[in-house]
Structure formats: structure tokens, C-alpha cells
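S.K.: whatever this is, show me its structure:
(chains A and B)
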2 protein chains.
Amino acid sequence: MNPLVESPRAIVTGASGFIGSHLLGRLSREGWQIAVIARTASASDLASNPAGPKVYTYTGQTSEVVEAVAEFRPQVVFHLGSLFLAQHDAAQIAPLISSNILFGTQLLEAMRLAKATALVNTGTAWQNFSGAVYNPVNLYAATKQAFEDILIYYVQTAGIKAITLRLFDTYGPADTRRKLLALLIDSLKSGEPMGMSLGDQVLDLTHVDDVCTAFLSAANLLLNHEEPRHEVYAVSSEERHTLRELVAIFEEIAGKRLQITFGARPYRDREVMEPWQGTRLPGWHAKISLREGMRRLLLAENLFSPRS
Amino acid sequence: MNPLVESPRAIVTGASGFIGSHLLGRLSREGWQIAVIARTASASDLASNPAGPKVYTYTGQTSEVVEAVAEFRPQVVFHLGSLFLAQHDAAQIAPLISSNILFGTQLLEAMRLAKATALVNTGTAWQNFSGAVYNPVNLYAATKQAFEDILIYYVQTAGIKAITLRLFDTYGPADTRRKLLALLIDSLKSGEPMGMSLGDQVLDLTHVDDVCTAFLSAANLLLNHEEPRHEVYAVSSEERHTLRELVAIFEEIAGKRLQITFGARPYRDREVMEPWQGTRLPGWHAKISLREGMRRLLLAENLFSPRS
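M.R.: Next up is the predicted model:
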């Protein structure tokens, strides 16, 4: 089966998030028929676009997910929905378990009942603190690992074929997450000084377009798999820099020095100094270098005029 | 620290279950101060006994668990609470995740906040289908594995010392679970014929008194541990018989043949034919042989008169 010829059907969760919204655009441009399962708040945004995907609303009920998957009959489910928290407090325990374990289990149960078999799941390199097979940086990463245990049950018993893509840091346009590059751009615009940690932690940033390609590659791998199995791959740019180096590259491309004081803040608790080295997704590698990705971001902000 | 001298404090979850209720009696006889965290229904039963443990009611809120652990300050938490389902349907997904993952995570979060460090957790040999490091027999077993991944996060970050006891089949007095020995006793009383599977599956039955000893041994190991870590041990009688052999032993002790047709029923989906061989809990071994345990059950039912 060639999914690009037959206009395959995909369900996407987490479609209102940073990567999910980019993936939605990409699937749409490549001719997929798309449905999303979304919480009420996200669902109304997504449904407001008449050219957009079919929207199934989720309020927490298993039956909602079961009915969505049964009706839409996806060839592939892209599961990106999750609650991200770098650090948690007691009040966030229930929403974390609910978003990151319960919802995914409901999705797997719905796939089992509808005999939908291909799942691209989203993990995090934070499941592998200090390079361990499993050592979670935070409770968020632990819930991702816990969900993989549930997934293995469905692989063993319900014919599910799954690939979990463990993501590192990601970046790209329309990122509302206030991560490093957004802070650097703010500092570039405002000229305000900024305090950072010592900056010796190594980062692996992948451009969201490369991440979307990885999700599509994983889907194609699954559609060619015969046997149920679960595989875990790293979506790593393999271009690794310390935070200090990264700031220097940014300054070089922006053509301006930023007012940054390294060492003004402590490292985070369980700061990842050296990212995990996982097996890279077969047949995929990042094509957008960090320099190219930064140029694009600065161009989009009118902060970059090509000089060469 | 010798807990038997200083009257240590324990919180027990799942105290209204088969093993939990036996453990409660045992802790009480050995002089522990006990509190239980129990769902409303179980809580009212437990609270009705004026000589019973302190009862904290749980309706699903994290804050209830946080307050219970903060107030009672247990040296050891015995976590036996779970929803057991040999097979599940879609409507049971939410209660399974809630009972077997959310509640335990709330308990760990409460322990982190109260600096309570010792947890005896309850797993199942069904996490190890076909002897695998991890291959869950059913979704129940998958949720137990998922919880262990959450537990590892707390071990890594919150100073928790934990032992997970993976249980095999258990039996003993006051067992309302309608398992094999209860069915054999019924058949013995009624003389009714009974259909079974072919009966070549190997069983490992541990008497509940031995299981309770294992929980106490694990607690003592933890109280002597200096470092946070998670260990997993098998609570196995190491006396293994096929179902057919087990029925023959039962008939021998009861002094009567039962009307059993082997092969009248199919094996269960993913029937465990050969139980997992795990590392046995150090310093503990089962003392009640299967023959002795059966004699006690039959005596309690007035179905056995010692002849030798």
C-alpha cells in the first residue's frame, strides 16, 4: 500500500500543540484525510477552520475516543497529545496521569476495538537521564515511560504496531512555548540583559519541519510492517552544542552581541548536561542545520538580512 | 532502628482486600500503629471497628492522600490497593488507570512531601508472561508495570526506598475471590461435577500468612536500607504443581474424589502455563506447604478430620 497514492486517513492527537499543528499542516499538504481528537477548548479552535480536519471532541470519556476511532477508521494514529510540565506540584498529579496515561490508553483501547493497528507515539529523551535505559528527568517523563508499558500490552495482545519517537528540544515558527530561541530573539529585540546558567549543558535542537518528516517516516515504516511490535527511536538532529556555543552561533547569525550573563542562574534540578544517544529513526535524518533554522526564525522576525 | 521495639507506624492501602485484611491483623498483633487510606465504601467498614486502625477516607483527591500521610507520618507504607481485573472492557479503562496508577502516584507524592521514605509495593507475576522481563498477561499487569515506572521517578528524586513484591496465586481463610481452592471446596461440599481446562498449567500458590510475612520482611529490609533504590522480588512458594496435580493433592487430603472433567473448558487467553522465576525476597521463604495450607482450609470448613 502506498499511502501517498491512496489518500490515507490519520487521526492526530495534540493537534493544537506546537508540533501537532505543524504536523496537521504537513499531512494536509500531502493529501492525507485527517481527524483530530481534541479537548473542548482546542476543539473549538480547530473546528473554526472550514478547510480543517474533522474534529472529535474529548471531555475525558473512553466512549468518545472509541466512537471517534470506530467512525474515522484511521490507517495511522499520530499520538502527540500530552500535558508537558518541566516540574510538577501535587495539584498537577491527576491532570498529568489523565493526559499522559489515561487518554493514551483510551486511544489504544479504541484502536483495539476498531482494529486500527498503526500508532506513532511521542516520547521524550528525558526518559533517559544520564543516558540510562530508563531514568526519568521529571514526572512528565515518567508518565511517558509508564504509557509505553501500557502500549506494550496492546502490542502483545491487540495487533498494534507502534513506533515511539523520543524527541529532544524542538524549535521553529509559531512556537508559543517560550523556549531558549524565543528568549534570545526577545533579548535581541529589546537589548535587555539576560541571566543564564553556566551554559555547559549540551543541547540537541531539531527543527519542527524535520520532526514532522520523522512522524511521516515512522508512519510509512509502520504501514510496511507485517508484525505487531513496538520500536523506540531518537529524533535527534545529531548537531549538539553547549548552551554557550548555541548563543555564540545565534549572535553570529544575528550579527549582534547579546547582553547575557552566564552563571547568573543555577542549573535546573536534574539538568540534562549530555543528551541521550538513542538509535536514530531509520531512513530519517535532520536536514535543517541549526544555522539554517536560526536564519529562518530571524528572517520571519525581520531580524535578519542575508549578507552573503 | 528495631520497629518491633519502637512500635512503628504503617499506612496500609487496600486494607479491605484479601491480603490487606490479613496484613492488617498481622501488623496489629505485632504492635504496629496503623492507619489505612480507603475508598468511602471500604472506609466505613474499617472505621466501624473501634479497636481498628485510623481510617483516612479517599474519594479521589490528591490532597486527601497528602494530608493523611502528612498527619500520620508512617515509617512504612504498605501499598496493596488496586483494582484487579483478569480481563477488561472499555468501560473499565478509567477505573483501572485511576486505581492502579493515579492513586499510587498520589501516595508517592504524599510521601515525597511528608519525607516518608519506605514503600512496600505490590506487583504481580503476571507482569512477566512467558518469563519475560516485561510482558503483561493483561491490562491489569500492564498498569502495575506502569506504576513501577512512576515509582522509579520518586526513588530517583525524592529519596524513596521501595520494594515491589510480585505475587503469584495466593490463598487462605476468608478469601472471597472465588479462586481455585474455593471452587474445589464447593465441589467437595455439593458433589456437583465441574468442568476445567486441560489442567497442564503450572500454579504457584502461596498461603496468605506467608505473604504477610513477606510484606513484613520487606519492610524490615527497607528500614535497614540507607540508600534510595527500588528492588523487585518474587513472593513464590517455589512449590509448583500443574492444576491436575493440585486437584489430585486436594482429593488426597479431602479423602474424596471430585467430579472434574479436564478439557471441558478452553485455556484462558494468554493462560500462564509456566510461572515466572523471579528472585525470591531475601531472608524469606514460604513455610506453609500446599498440603498444610489445604488441611487448614478444610479444617476451617469442617471438611477434614485428621487421621494420622
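S.K.: ok now the helix or strand of chain A with the lowest mean pLDDT, how far from the chain's centre?
M.R.: When the helices and strands of chain A are scored by mean pLDDT, DSSP states H and E, helix A:40-47 comes last with a mean of 80. Between the mean C-alpha location of helix A:40-47 and the chain-wide mean there is a distance of 20 Å, by CA atoms, centre = their mean, to the nearest Å.
S.K.: for that helix, name the packing helices and strands.
M.R.: If you count contacts as 3 or more CB pairs under 8 Å, 6 or more residues apart in numbering or on different chains; DSSP states H and E, helix A:40-47 packs onto strand A:33-39, strand A:54-58. Every C-beta, even on glycine, is put in place using the N, C-alpha and C of the backbone.
S.K.: and of those, who's closest to residue B:44?
M.R.: strand A:54-58 (34.7 Å; CB to CB).
S.K.: quick one: buried residues of the least confident helix or strand of chain A?
M.R.: Using 16 or more other CB atoms under 10 Å in any protein chain shown as the test for burial, helix A:40-47 gives A:42-43, A:46-47.
S.K.: report the inter-axis angle for that helix versus strand A:54-58.
M.R.: Angle, helix A:40-47 to strand A:54-58, by axes from the mean of the first three to the mean of the last three CA atoms, to 10 degrees: 170 degrees.
S.K.: and the contacts of helix A:40-47?
M.R.: Residues external to helix A:40-47 that are found in contact with it (CB atoms under 8 Å, 6 or more residues apart in numbering or on different chains): A:15-16, A:36, A:38, A:52-53, A:55-59.
S.K.: biggest separation within those, which pair?
M.R.: Pairwise over the contacts of helix A:40-47, using CB to CB, the maximum falls at A:52 and A:59, 20.0 Å.
S.K.: the more surrounded of the two?
M.R.: A direct count of neighbours by other CB atoms under 10 Å in any protein chain shown for residue A:52 and residue A:59 places residue A:52 higher, at 15 against 8.
S.K.: what's the closest non-adjacent residue to that one?
M.R.: Once flanking residues are discounted, residue A:52 sits nearest to residue A:46: 5.7 Å by CB to CB, 6 or more residues apart in numbering or on different chains.
S.K.: try residue A:144
M.R.: residue A:123 (5.0 Å).
S.K.: again with residue A:141
M.R.: Distances taken as CB to CB, 6+ apart place residue A:126 nearest to residue A:141, at 3.9 Å, with adjacent residues excluded.
S.K.: from residue A:272, how far off is the one you found?
M.R.: As judged by CB to CB, to the nearest Å, residue A:126 and residue A:272 stand 7 Å apart.
S.K.: hmm, residue A:125 is touching residue A:275, no?
M.R.: Yes - at 5.6 Å, residue A:125 counts as touching residue A:275 under the criterion of CB atoms under 8 Å.
S.K.: which neighbours do these two share?
M.R.: A:168, A:204, A:236.
S.K.: any idea how far the biggest helix by length in chain A is from the middle of the chain?
M.R.: Criterion DSSP state H: the longest helix present in chain A is helix A:139-157. Centroid displacement of helix A:139-157 relative to its chain, using CA atoms, centre = their mean, is 17 Å.
S.K.: which residues are common contacts for residue A:126 and residue A:272?
M.R.: Listed as contacting both residue A:126 and residue A:272 by CB under 8 Å, 6+ apart are residue A:137.
S.K.: hey, which of the helices and strands packed on helix A:40-47 is tucked in deepest?
M.R.: When the helices and strands packed on helix A:40-47 are scored by mean count of other CB atoms under 10 Å in any protein chain shown, the highest mean neighbour count falls to strand A:33-39 (a mean of 22).
S.K.: show me what it is packed up against.
M.R.: strand A:9-13, helix A:18-29, helix A:40-47, strand A:54-58, helix A:62-72.
S.K.: could you rerun that using 7 Å?
M.R.: If you count contacts as 3 or more CB pairs under 7 Å, 6 or more residues apart in numbering or on different chains; DSSP states H and E, strand A:33-39 packs onto strand A:9-13, helix A:18-29, strand A:54-58, helix A:62-72.
S.K.: is chain B contacted by the last one?
M.R.: Yes - among the residues of helix A:62-72, A:62, A:66 lie within reach of chain B under CB under 7 Å from any CB of the partner chain.
S.K.: buried set for that helix?
M.R.: Using 16+ other CB under 10 Å as the burial criterion, the residues of helix A:62-72 that qualify are A:62, A:64-66, A:68-69, A:72.
S.K.: contact partners for residue A:70?
M.R.: Contact analysis of residue A:70 by CB atoms under 7 Å, 6 or more residues apart in numbering or on different chains lists A:113-114.
S.K.: no no, residue A:69
M.R.: Going by CB under 7 Å, 6+ apart, residue A:69 touches A:11, A:110-111, A:114, A:116.
S.K.: same thing with residue A:179?
M.R.: With CB under 7 Å, 6+ apart as the criterion, the residues that contact residue A:179 are A:169, A:171.
S.K.: SS state for residue A:109?
M.R.: With DSSP: H, G, I helix; E, B strand; the rest coil as the basis, the three-state label of residue A:109 is helix.
S.K.: cool, residue A:195 as well?
M.R.: strand.
S.K.: report the secondary structure element holding the residue nearest to it when sequence neighbours are not counted.
M.R.: What sits nearest to residue A:195 in space, not counting adjacent residues and going by CB to CB, 6+ apart, is residue A:264, at 2.9 Å. Per DSSP states H and E: residue A:264 is located in neither a helix nor a strand.
S.K.: tell me the spacing between residue A:22 and residue B:109.
M.R.: Applying CB to CB, the value for residue A:22 to residue B:109 is 34 Å.
S.K.: cool, and residue A:233?
M.R.: Taking CB to CB as the measure, residue A:233 falls 31 Å from residue B:109.
S.K.: tell me the residues of the stretch 151-300 of chain A that contact chain B?
M.R.: Residues of the stretch 151-300 of chain A found near chain B, taking CB under 7 Å from any CB as the criterion, are A:152-153, A:156-157, A:270.
S.K.: so which residues of chain A form strands?
M.R.: A:9-13, A:33-39, A:54-58, A:76-79, A:118-124, A:161-167, A:169-171, A:194-196, A:202-207, A:230-235, A:240-242, A:260-262 (DSSP state E).
S.K.: possible to save the ones you listed as a markdown table with mean pLDDT?
M.R.: Shown next, in a markdown table, are these (pLDDT from 0 to 100):
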| stretch | mean pLDDT |
| --- | --- |
| strand A:9-13 | 98 |
| strand A:33-39 | 96 |
| strand A:54-58 | 96 |
| strand A:76-79 | 98 |
| strand A:118-124 | 98 |
| strand A:161-167 | 98 |
| strand A:169-171 | 96 |
| strand A:194-196 | 96 |
| strand A:202-207 | 97 |
| strand A:230-235 | 97 |
| strand A:240-242 | 96 |
| strand A:260-262 | 96 |
